[in-house]
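> I'd like to go over a predicted model; first the sequence, then the structure.
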Amino acid sequence: MGEDALIEQPASTSSWDCGDYARVGAFVAELGEAALDLLDPKAGERILDIGCGDGMLALKMIDRGAEVVGIDDSPEMVEAARSKGVYAELVNAAEMDFERRFDAAFSNAALHWMLDKKGVATRIFDALRLGGRFAGEMGGQGNLERVREALDSELIIRGYAPPAEASNWYPSPEEFAGVYEAAGFQQVDVRQIDRPTVIEHGIAAWVTTFRRGWLDRAQVPDAERAEIGAAVADRLGSDIADYVRLRFTMRKPS
């Protein structure tokens, strides 16, 4: 691993089935291309992909001629990214430490899973060269509120206690900007976008794929999860998920 060796983390803060993710969650990378355009990766640039997932957007950057290092705290996702030829490491973003600095950093649909938001912001700042830029997208305030409320209601009906502690950070633009400005970033531009999204494979499949970790923490047996997903879909009455996103750009001072 040489100069890109990182502190490996044995545990993941989220739980994923990469087969389900590839089938149900393909829209995440597809919609994330708008955030990638904000970064505008250039040939020859060294780019850090934070929360690289299965590596689909890393491949887009590689296709543009960039050198990409991906990190993720899910062993399953790291393995999926590596299988595509992406250089990826299993690491907690709040503890990453690189000897060589990056020209740019990118993150799509990942920062909201990282609850040590201040630690992550500081480590991203440290990973960039002077004048380096950071761009991406994450969940914003109110993200998936209807879906999450429907799921928790179904859990309670069935005698399960929804986890007491949040598994996501969905900030307002002002809160997000405050965290990253405190880490040292300048020219922080954050836009909130309401983006209702049709889930091609249905809300039930979305629940069992994207809320797998939540169901794990609620101790829901695998045999009951499909039924709960279907009940959430019935409660919502459509296959539209109420996504709210933050898109952002910023720079490390020169």
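In hand now; what should we look at?

> what are the buried residues along the helix or strand where residue 118 lies?
Residue 118 is part of helix 117-127, with elements assigned from DSSP states H and E. Of the residues in helix 117-127, those scored as buried under the neighbour-count criterion (16 or more other Cβ atoms under 10 Å) are 117, 119, 120, 121, 122, 123, 124, 125, 127. To be clear about C-beta, it is placed using only N, CA and C from the backbone, and glycine gets the same treatment.

> residue contacts, the nearest residue to the fourth one once chain neighbours are set aside?
Spelled out, that is residue 121. Nearest non-adjacent residue to residue 121, counting by Cβ to Cβ, 6 or more residues apart in numbering: residue 183, 3.8 Å away. Going by Cβ atoms under 8 Å, 6 or more residues apart in numbering, residue 183 touches 118, 121, 122, 124, 125.

> okay if I get those as CSV plus distance to residue 247 and pLDDT?
Listed next are the contacts of residue 183 as CSV, based on distance: Cβ to Cβ, whole Å; pLDDT from 0 to 100:
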residue, distance to residue 247, pLDDT
118, 21, 98
121, 17, 98
122, 22, 98
124, 16, 98
125, 19, 98
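
> distance check, the residue most central in space within the chain against residue 247.
Centroid-nearest residue in the chain, with Cα atoms, centre = their mean: residue 110, separated by 1.4 Å. Going from residue 110 to residue 247 by Cβ to Cβ, to the nearest Å gives 14 Å.

> same deal with residue 134?
Here the distance between residue 134 and residue 247 works out to 12 Å (Cβ to Cβ).

> repeat for residue 163
28 Å.

> same check, this time on residue 202
26 Å.

> for the stretch 51-200 of the chain, which segments count as helices?
Ranges of helices in the stretch 51-200 of the chain, per DSSP state H, counting those that start in this stretch, are 56-63, 75-83, 117-127, 145-157, 173-182.

> in a helix, residue 33, correct?
Yes - using DSSP: H, G, I helix; E, B strand; the rest coil, the assignment for residue 33 is a helix.

> so who does it touch?
57, 60.

> same thing but at 10 Å, please
With contacts defined as Cβ atoms under 10 Å, 6 or more residues apart in numbering, residue 33 is in contact with 56, 57, 60, 108.

> and if you look at residue 211?
For residue 211, the contact set (Cβ under 10 Å, 6+ apart) comprises 15, 144, 147-148, 151, 155, 167, 217-218, 220, 225, 228-229, 232.

> now which of the residues you listed would you call buried?
By the neighbour-count criterion of 16+ other Cβ under 10 Å, these include these buried positions: 144, 147-148, 151, 155, 167, 217-218, 220, 225, 228-229, 232.
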